[in-house]
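S.K.: could you look at this predicted model? Sequence included:
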Amino acid sequence: MSSPYQNNQYHDQHVNVPGEWSSGLCDCFSDVPNCCLTYWCPCITFGQIAEIVDQGSTSCGPIEALYTFISVITGCACIYSGFYRTKMRKQCNLPESPCGDCLAHFCCDTCALCQEHRELKNRGFDMSIGWQGNMEKQARGVAIAPVSHQGGMQR
């Protein structure tokens, strides 16, 4: 089954380059509000990303709690968030750069989360309204960039 928004056009020229990230790993300050939020509460940014990547099959709140629990208990939430980076990269057909997904999250989880948040935002997602809100927005005719499915990401 294909993505519900595969036929939409990119809303942002910068994202129109297939196979490239729309911003760099260290471009955190290009979105200062998200940078600050991610620095102080990375679980919120991670929850927003995970809900979009999982296409609404997970809810923002529980996944934020799980991220926080893993972070507090093991100190290695970067492994969990790295898994979602891989999942998002495959959906968006993005390269594993500038380094491996887990390494990006291990070296700077905050920067990686900010980059992923910016990427989804640049592809037309309103990160504050979640998957369902974005699908309702799309149904009203607001374009969201296509995300191709590779493998088992079907609903």
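M.R.: Nice, I can see it.

S.K.: show me what the helix or strand harbouring residue 87 is packed up against.
M.R.: Per DSSP states H and E, residue 87 falls inside helix 77-92. Contacting helix 77-92 under the criterion 3 or more CB pairs under 8 Å, 6 or more residues apart in numbering; DSSP states H and E are the following elements: helix 42-53, helix 60-74, helix 101-122. From N, CA and C alone the C-beta is placed, and that goes for glycine too.

S.K.: how about that helix: buried residues?
M.R.: 77-78, 80-82, 84-85, 87-92 (16 or more other CB atoms under 10 Å).

S.K.: please apply the same query to stretch 47-55.
M.R.: Using 16+ other CB under 10 Å as the test for burial, stretch 47-55 gives 47, 48, 49, 50, 51, 52, 53, 54, 55.

S.K.: and for the residue nearest to the fifth one when sequence neighbours are not counted, the neighbour number?
M.R.: The spatial neighbour of residue 51 that comes closest, neighbours along the chain excluded (CB to CB, 6 or more residues apart in numbering), is residue 60 at 4.7 Å. Burial measure for residue 60: 21 neighbouring residues, criterion other CB atoms under 10 Å.

S.K.: what's the separation between residue 60 and residue 106?
M.R.: The spacing between residue 60 and residue 106, counted by CB to CB, to the nearest Å, is 24 Å.

S.K.: cool, residue 137 as well?
M.R.: Distance from residue 137 to residue 106, by CB to CB: 34 Å.
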